[in-house]
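Undergrad: The sequence and its predicted three-dimensional model are supplied below.
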Amino acid sequence: MSDLQTHYPVVVIGGGQAGLAMSAQLKTRGIAHVVLEKNTIAHSWKTQRWDAFCLVTPNWQCQLPGFRYAGSDPHGFMLREEIVTYIEDFARHIGAPVREGVAVTRLSQSSRGFILQTTAGEIAADRVVLAVSGYHVPKVLPFADRLDPSITQIHSSAYRNPDQLPPGEVLVVGSGQSGCQIAEDLHLAGRKVHLAVGSAPRCPRFYRGRDAVDWLDDLGQYDLPVDKHSLKEGVRKNANHYLTGRDGGRDIDLRKFALEGMRLYGRLKDGRATRLQLGDDLQVNLDNADKVYNGICRLIDDHIAKNRIAAPVTPHYEPVWSPTAVPTELDLAASGVSSIVWTTGFRSDWSWVDLPMFDGTGYPTHKRGVTSVEGAYVVGLPWLYTWGSGRFVGIGRDTEFVADHIEERSSASQADTHRSGLREIAQFAASEAV
């Protein structure tokens, strides 16, 4: 089994930023553990982001435990390679006990605790932490396989750059963060882009003299617990706001793209061969995204006024374009569309976890990462506890809470073992005396 032991007090599954942050917290507490990573450290950052990808949150939010961003551009936005370097440097900094190339194929329980079947053999553990995010399997719409095979189809996780796609126009399906940024990437490269727009909200990049993220951080938005949010746990299903850190950061304004030649449609509903059916909800989706945008502006305005902060006045967003006669059908062949980029997200796959820790939708039942199965934990999920949970800025707090819980349970378990040993000694002494 290589250099792996057959038993660990704690096994962390996943070698991304969440698993490494968990490792740092356990190491600080002197808790022996191993981190199993089926590929390499920061694998998804290396393989599931396009060439021009960069953070949408400023660099100062990169706050892995004891390893804050220390570069010269705290208000900039790291590129993909820089993000990978940051995570790899963190792993070296903490001396994380990572075993790369070891996949966990099944996780179950027995009288020995947790049993992990891995590609390097069987391992037992007293406790396990699943740091594998919730984005496991690329998702496309169910009719994708009914489309004409002459149309090139790729998922956003496989998109790298415009030159990767064949000549012709491109349909991007989905307007979340990835969809809008990939549409922009293609648009800036001079490709004719068609975009099926969904219900994702948008956020200003800069407002009243600062990055909106800075204002929202001052307002405590990234510290807002899920149980205090108006949607409660329902917020976990919400799409992220779209904006970009590209070229120093800017808004993404789909209406402006439309003025520049991008074709916008409503949500994609169905399709066969080269013909697609689209919703008539483009106007509603654009209006709702702008409503969220201006709602954030008003939130910042109120904060500035309440605290009498000197800040330049910035007007709220006014639409620069509105759709008219938006088609609800699109013939890909007639429109010259040769490829589709599916930016339709991922689905979770917990099929390898044989533990009773999931709700009816397949989501892990937990409170701040402590699941309903004693000794099993999850970290790195969006809105695990706060809006910051799925970001570099919040993973330290989440893993600290879980590590404290593990430490408390470990101490309690050791105390129980000690008391049991004392009872056995007392019973033995009593029997000898008789």
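TA: Yes, it's here.

Undergrad: Name the nearest residue to residue 192, sequence neighbours excluded.
TA: Of all residues not flanking residue 192 in the chain, residue 169 sits nearest, at 4.1 Å (Cβ to Cβ, 6 or more residues apart in numbering). C-beta here means a position set from N, CA and C on the backbone, and glycine is covered the same way.

Undergrad: Show me where the stretch 251-400 of the chain has its strands.
TA: 263-265, 268-272, 275-278, 329-331, 337-342, 346-347, 366-367, 370-371, 376-378 (DSSP state E, counting those that start in this stretch).

Undergrad: packing partners for the first one?
TA: What that stands for is strand 263-265. strand 193-196, helix 254-259, helix 282-306 (3 or more Cβ pairs under 8 Å, 6 or more residues apart in numbering; DSSP states H and E).

Undergrad: and the residue nearest to residue 192, how many neighbours does it have?
TA: Neighbourhood size, residue 169 [other Cβ atoms under 10 Å]: 17.

Undergrad: For it, give the beta-bridge partners.
TA: As for beta bridges, residue 169 partners with residue 337 under DSSP bridges.

Undergrad: show me the contacts for it.
TA: Residue 169 makes contact with 191, 192, 193, 194, 335, 336, 337, 338, according to Cβ atoms under 8 Å, 6 or more residues apart in numbering.

Undergrad: Separate out the buried members of the residues you listed.
TA: 191, 193, 194, 335, 337, 338 (16 or more other Cβ atoms under 10 Å).

Undergrad: now the residue nearest to residue 192: how far from residue 182?
TA: 14 Å (Cβ to Cβ, to the nearest Å).

Undergrad: could you pull out the helices for the protein?
TA: For the chain, helices defined by DSSP state H occupy the ranges 17-28, 43-47, 80-94, 177-188, 212-218, 254-259, 282-306, 332-335, 395-433.

Undergrad: Just send the ones you listed back as CSV, with distance to residue 109 and mean pLDDT too.
TA: Formatted as CSV, the helices of the chain follow (distance: least, Cβ to Cβ, whole Å; pLDDT from 0 to 100):
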stretch, distance to residue 109, mean pLDDT
helix 17-28, 20, 98
helix 43-47, 27, 96
helix 80-94, 29, 98
helix 177-188, 37, 98
helix 212-218, 40, 98
helix 254-259, 49, 98
helix 282-306, 43, 98
helix 332-335, 50, 96
helix 395-433, 15, 71
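
Undergrad: where in this structure is pLDDT low?
TA: The chain contains residues with pLDDT under 70 at 1-2, 413-434.

Undergrad: how is it carved up into domains?
TA: Listed by automatic domain parsing, the domain ranges of the chain are 7-136+348-419, 138-345.

Undergrad: Out of these, which is the most enclosed?
TA: Most buried of the domains of the chain by mean neighbour count (mean count of other Cβ atoms under 10 Å) is domain 7-136+348-419; its value is a mean of 19.

Undergrad: Compare the helices and strands packed on strand 263-265 and give me the one nearest residue 362.
TA: Comparison of the helices and strands packed on strand 263-265 against residue 362 by Cβ to Cβ identifies strand 193-196 as nearest, at 26.3 Å.

Undergrad: The closest one packs against which elements?
TA: In terms of contacts (3+ Cβ pairs under 8 Å, 6+ apart), strand 193-196 is packed against strand 169-173, helix 177-188, helix 254-259, strand 263-265.

Undergrad: redo that, cut-off 7 Å
TA: strand 169-173, helix 177-188, strand 263-265 (3 or more Cβ pairs under 7 Å, 6 or more residues apart in numbering; DSSP states H and E).

Undergrad: So what touches that strand?
TA: Applying Cβ atoms under 7 Å, 6 or more residues apart in numbering, the contact partners of strand 193-196 are 169-175, 183, 186-187, 254, 262-265, 267-268, 278, 337.

Undergrad: before we move on, what about stretch 362-374?
TA: Contacts to stretch 362-374, defined as Cβ under 7 Å, 6+ apart, come from residues 348, 350, 355-359, 377-379, 384-385, 398, 401-402, 405.

Undergrad: do stretch 55-73 as well
TA: With contacts defined as Cβ under 7 Å, 6+ apart, stretch 55-73 is touched by 17, 21, 24-25, 74-78, 83, 86, 90, 93, 177, 211, 213, 243-245, 391-393, 395-396, 399.

Undergrad: returning to what we had before: nearest to residue 107 among the contacts of stretch 362-374?
TA: Within those, proximity to residue 107 (Cβ to Cβ) peaks at residue 355, which comes in at 6.5 Å.

Undergrad: So what does the closest one look like in phi/psi?
TA: Main-chain torsions, residue 355, degrees, to the nearest 10: phi -130, psi 140.

Undergrad: Just give the nearest non-adjacent residue to it, would you?
TA: Nearest non-adjacent residue to residue 355 (Cβ to Cβ, 6+ apart): residue 373, at 5.0 Å.

Undergrad: same thing with residue 249?
TA: Nearest to residue 249 is residue 205, by Cβ to Cβ, 6+ apart, at 4.9 Å.
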